[in-house]
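Enquirer: Test case, fold it:
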Amino acid sequence: MKNSYLSHRQNLPKFFLITDAAAQGNSARIIAKLPCGSGVIFRDYHIKNRSRYAARIAAICKARRLMLLVAGDFRLALRVKADGVHFPERMKAEAMMVKRKFPHLIVSVAAHGEKTIRNMSGIADVIFLSAVFATESHPEAKPLGPLATARLARISTTPLYALGGVNAVTAKRLKGCKLSGTATIRGILA
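Expert: Just a heads-up that it's a prediction; the model follows:
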């Protein structure tokens with residue numbers, strides 16, 4: 001694990017897989033096939049034996065040299081020796097606390113618009129912007145689309161990743177956006 005904010009940014013993957021047992025089934029099997037240097041956000045909040053499963057995912061990530069962030073639980077992230085913690089937009093206070101108390105952990109947050117991007121600048125190491133395209137996981141969300149995503153990427157001072165409906169086809173529509181990478185639940189990018 002790296003200990004400086006700059007090194008976090010220098011070592012960020014271009015691609016993150018966000019686990020979702022309901023959508024993916026056996027996430028561990030998918031993670032084991034990711035290219036080295038990818039990232040994983042272990043989300044599965046409601047999975048039975050989450051702590052034990054997180055330890056299994058952490059072992060796979062370590063063996064495959066994948067960056068691991070644990071969603072919403074910094075204690076679990078510390079227990080499994082993850083690289084960091086991912087927070088939903090509503091958990092800004094927790095993200096700030098983790099950044100202050102555990103500077104060696106990467107802090108990522110979800111954002112759904114410009115306000116959160118601006119508010120989390122200087123706090124988060126990584127921001128996941130959603131929903132960029134129509135997505136099965138949040139069918140009610142109005143997609144931002146490539147133009148709004150490009151505008152938000154230009155104003156972000158924090159590495160920004162596109163999330164929501166991103167797959168091998170839709171990712172091509174993001175060419176030219178100043179994004180740090182993409183993230184997906186269902187659409188593994190080739």
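Enquirer: what helices or strands is whatever helix or strand residue 183 lives in leaning on?
Expert: Taking DSSP states H and E as the definition, one finds residue 183 inside strand 181-184. For strand 181-184, the packing partners by 3 or more C-beta pairs under 8 Å, 6 or more residues apart in numbering; DSSP states H and E come out as strand 15-18, strand 160-162. From N, CA and C alone the C-beta is placed, and that goes for glycine too.
Enquirer: Kindly compare burial across those and name the winner.
Expert: strand 160-162 (a mean of 26; mean count of other C-beta atoms under 10 Å).
Enquirer: how about the helices of this structure, start to end?
Expert: Assigned by DSSP state H, the chain shows helices spanning 5-10, 21-24, 27-31, 50-64, 74-79, 92-101, 114-120, 145-155.
Enquirer: For those, give me TSV that also has mean pLDDT, distance to residue 42 and mean neighbour count.
Expert: Converted to TSV, the helices of the chain look like this (pLDDT from 0 to 100; distance: least, C-beta to C-beta, whole Å; neighbours: other C-beta atoms under 10 Å):
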stretch	mean pLDDT	distance to residue 42	mean neighbour count
helix 5-10	50	18	14
helix 21-24	71	11	14
helix 27-31	89	8	17
helix 50-64	96	5	17
helix 74-79	98	8	17
helix 92-101	96	15	15
helix 114-120	95	21	17
helix 145-155	96	25	16
